[in-house]
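Visitor: Provided below are the primary sequence and the corresponding predicted coordinates.
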Amino acid sequence: MAAEHQRAYARFRHEPIAREGFAFELAASFAGPFGVSRMRHTGRFRAWVEPPETLIVMEVLGGGLWIADRDRDVAARVMLAPHWSPHSAGWDTVDLRMTTLDLDEVARVGAEISGLEPSGVTFGTMTPRSAALARYWTDLVDHVDRALLAHDELMELPLMHAEAMRQLVAGVLAVFPNSTLDHHREPDHEAVEPATVRRAVEFMDAHAHEDVSLTQVAEAARMGPRGLQAAFRRHREQSPLDYLRRVRMERAHHDLQVGDPTRGDTVGGIAARWGFANAGRFAVDYRRAYGHSPSDTLRR
């Protein structure tokens, strides 16, 4: 049964598992294209694994895990499962947290951030870029797991669901070596009509309550994501997604102004409605924009 559960993450063949002293526990929370699971497995386990169809980040919370990819044998507390090649893996006893992300989503967001084509967003190294970034990943997953995935009502909000996904994808792209970190955008000298920016602004204004990607905004503006980024930098000195975040902050400000705590309106609920997953960061950004806390606005 333990092996069958693990095949949900990747296809593999394994050595026989001894029954003596064996114990297995699995708890998982999934929200569409991403999820976080916790697995405890005692006893020797050795497997030969096909490249997984999802991106999997593994955190060793207890025991030990090793992965052999080509001619490398890696044992670390935070590791990326090699989705680019077959590999072998094993442990004697392990307490493992696994975060899974849809590879197409990782490629899409990586392309939007870097200007690469989605097919050009690639990884090739299992370990984080630094110990500090490994700790950042652990803290990020703690937040997403406890503050978001553990609350069904939050995950039912499209903007919160999308924000959680984007946080994890941005984290993976920051923590593990990948092609987006080496890609330097070339300046775009092509003239862009202001109407292109206006079309993008109109689209974001109309769809701020929805899960909107840079690719969708660029399609509405009738140009590519890279050109749209350059157009916004030239005409507004910000990125399109910075503008979208500002619009959502303004909508949250309005909802706080008309909200009524006696009817159950809360700062956290209004922030979540507009896709702000981290209440503390929302409060800091809100105070910077409006000069007082969101709770002060709600109480007025």
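Guide: Looks like it came in fine. Numbers count the residues shown, from 1 in each chain.

Visitor: so where's the stretch 51-200 of the chain uncertain?
Guide: Under the criterion of pLDDT under 70, the regions of the stretch 51-200 of the chain flagged as low confidence span 70-71, 183-194.

Visitor: which residue ranges form the helices in it?
Guide: Defined through DSSP state H, counting those that start in this stretch, the helices belonging to the stretch 51-200 of the chain, from first to last, are 103-114, 131-143, 152-155, 158-175, 179-182, 194-207.

Visitor: May I see the domains of this structure written out as residue ranges?
Guide: 2-102, 105-243, 244-299 (automatic domain parsing).

Visitor: Make CSV out of the ones you listed and add mean neighbour count.
Guide: Where you see a C-beta, it was placed from the backbone N, CA and C, and this is true even at glycine. As requested, these are arranged in CSV below (neighbours: other C-beta atoms under 10 Å):
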stretch, mean neighbour count
domain 2-102, 16
domain 105-243, 17
domain 244-299, 16
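
Visitor: where's the residue nearest to A279 when sequence neighbours are not counted relative to S295, distance?
Guide: Here the nearest residue to A279 in space, its sequence neighbours aside, is G268; by C-beta to C-beta, 6 or more residues apart in numbering that works out to 5.1 Å. For G268, the distance to S295 (C-beta to C-beta, to the nearest Å) stands at 10 Å.

Visitor: after the host helix or strand of A220 comes which helix or strand?
Guide: A220 is located in helix 214-221, with elements delineated by DSSP states H and E. Proceeding C-terminally, helix 214-221 gives way to helix 225-236 as the next helix or strand, assigned by DSSP H and E.

Visitor: How about exporting that next one as PDB, limited to the C-alpha atoms?
Guide: Output of helix 225-236 as PDB, limited to C-alpha atoms (Å, rounded to 0.1, in the frame of the first residue of the first chain):
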ATOM      1  CA  PRO A 225       4.200  39.500 -22.700                       C
ATOM      2  CA  ARG A 226       7.700  40.700 -23.100                       C
ATOM      3  CA  GLY A 227       6.600  43.800 -25.200                       C
ATOM      4  CA  LEU A 228       3.900  44.600 -22.700                       C
ATOM      5  CA  GLN A 229       6.400  44.500 -19.800                       C
ATOM      6  CA  ALA A 230       8.600  47.000 -21.800                       C
ATOM      7  CA  ALA A 231       5.600  49.200 -22.600                       C
ATOM      8  CA  PHE A 232       4.500  49.400 -19.000                       C
ATOM      9  CA  ARG A 233       8.100  50.300 -17.900                       C
ATOM     10  CA  ARG A 234       8.300  53.000 -20.500                       C
ATOM     11  CA  HIS A 235       4.900  54.600 -20.000                       C
ATOM     12  CA  ARG A 236       4.000  53.800 -16.300                       C
END
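
Visitor: from the chain's centre, how far out does it sit?
Guide: In terms of C-alpha atoms, centre = their mean, to the nearest Å, the gap separating the centre of helix 225-236 from the centre of its chain is 24 Å.

Visitor: same deal with stretch 30-44?
Guide: For stretch 30-44, the distance between its averaged C-alpha position and the chain's averaged C-alpha position is 17 Å (C-alpha atoms, centre = their mean).

Visitor: thinking again about what came up before, of all the helices of the stretch 51-200 of the chain, which one is nearest V74?
Guide: helix 131-143 (13.0 Å; C-beta to C-beta).

Visitor: contact partners of the closest one?
Guide: Here helix 131-143 makes contact (C-beta atoms under 8 Å, 6 or more residues apart in numbering) with 36, 57, 59, 76-78, 97, 99, 128, 167-168, 171-172, 174-175, 277-278.

Visitor: Check stretch 153-169 too.
Guide: For stretch 153-169, the surrounding residues in contact (C-beta under 8 Å, 6+ apart) are 31-34, 99, 101, 105-106, 109-110, 140-141, 143-144, 148-149, 209-211, 248, 272-277.
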